[in-house]
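S.K.: Below is the sequence, then the predicted model.
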Amino acid sequence: MMTIKEFADNNQIDISAIYRKIKRNEKRLEGHIRVVNGVINIDEIAETFLLPRNKAITQRAEFEKTELEEKYEILISAYKGKIENLISEKSELEQEVQKLRQALEQREAEIDLLNTQKSYFSKNSKSIKKVMKFLTSD
């Protein structure tokens, strides 16, 4: 509940305009206006009704804007979290790729060594076969 004076001050409305609107709409505002010790008090429904139309529209638009901003802040926060998770996951995958590259390089070095050994044994095998052939030809 709020007094007419408080309502007028809060909304920068001429107090006499509020009284005129109350007088014109007594039946609509019935139950929403109370007189306590000679001071008129209004509830939230009367406040909404007594606002000038453009002021009510502006307040509603501000309320909706605030709601949208809050929703967007929540979405932005959620997306920031997802982005941070993706960046972290990317970093982990890059580390895994680096480990795999190192393992691949190690395997390639091992293959080169084995190929060198194979070539060596292959050459030695031919020499051994010649020696064996020479020894057995007697």
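M.R.: Thanks, I have it.

S.K.: can you give me the strands for this protein?
M.R.: In the chain, the segments counted as strands under DSSP state E are 2-3, 33-36, 39-42.

S.K.: strands paired with the last one, and their directions?
M.R.: Within its sheet, and counting by DSSP bridges, strand 39-42 is paired with strand 2-3 (antiparallel), strand 33-36 (antiparallel).

S.K.: So for the first one, mean pLDDT?
M.R.: Put plainly, it is strand 2-3. Strand 2-3 carries an average pLDDT of 90.

S.K.: How about stretch 18-33?
M.R.: Averaged across stretch 18-33, pLDDT comes to 89.

S.K.: the longest helix in the protein is where?
M.R.: Ordering each helix of the chain by length in residues (DSSP state H) puts helix 53-136 first.

S.K.: Next, format the strands of the chain as JSON lines and append distance to Asn85 and mean neighbour count.
M.R.: All C-beta atoms are positioned from the backbone trio N, CA, C, and that covers glycine. Formatted as JSON lines, the strands of the chain follow (distance: least, C-beta to C-beta, whole Å; neighbours: other C-beta atoms under 10 Å):
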{"stretch": "strand 2-3", "distance to Asn85": "48", "mean neighbour count": "14"}
{"stretch": "strand 33-36", "distance to Asn85": "55", "mean neighbour count": "12"}
{"stretch": "strand 39-42", "distance to Asn85": "51", "mean neighbour count": "17"}
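
S.K.: Switch those strands over to a markdown table; also include distance to Glu105.
M.R.: Formatted as a markdown table, those follow (distance: least, C-beta to C-beta, whole Å):
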| stretch | distance to Glu105 |
| --- | --- |
| strand 2-3 | 78 |
| strand 33-36 | 86 |
| strand 39-42 | 81 |
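
S.K.: Of all these, which one is nearest Leu135?
M.R.: Nearest of these to Leu135, taken as C-beta to C-beta: strand 2-3 at 120.3 Å.

S.K.: any chance of the strands paired with strand 39-42 in TSV, plus distance to Ser119?
M.R.: Converted to TSV, those look like this (distance: least, C-beta to C-beta, whole Å):
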stretch	distance to Ser119
strand 2-3	98
strand 33-36	106
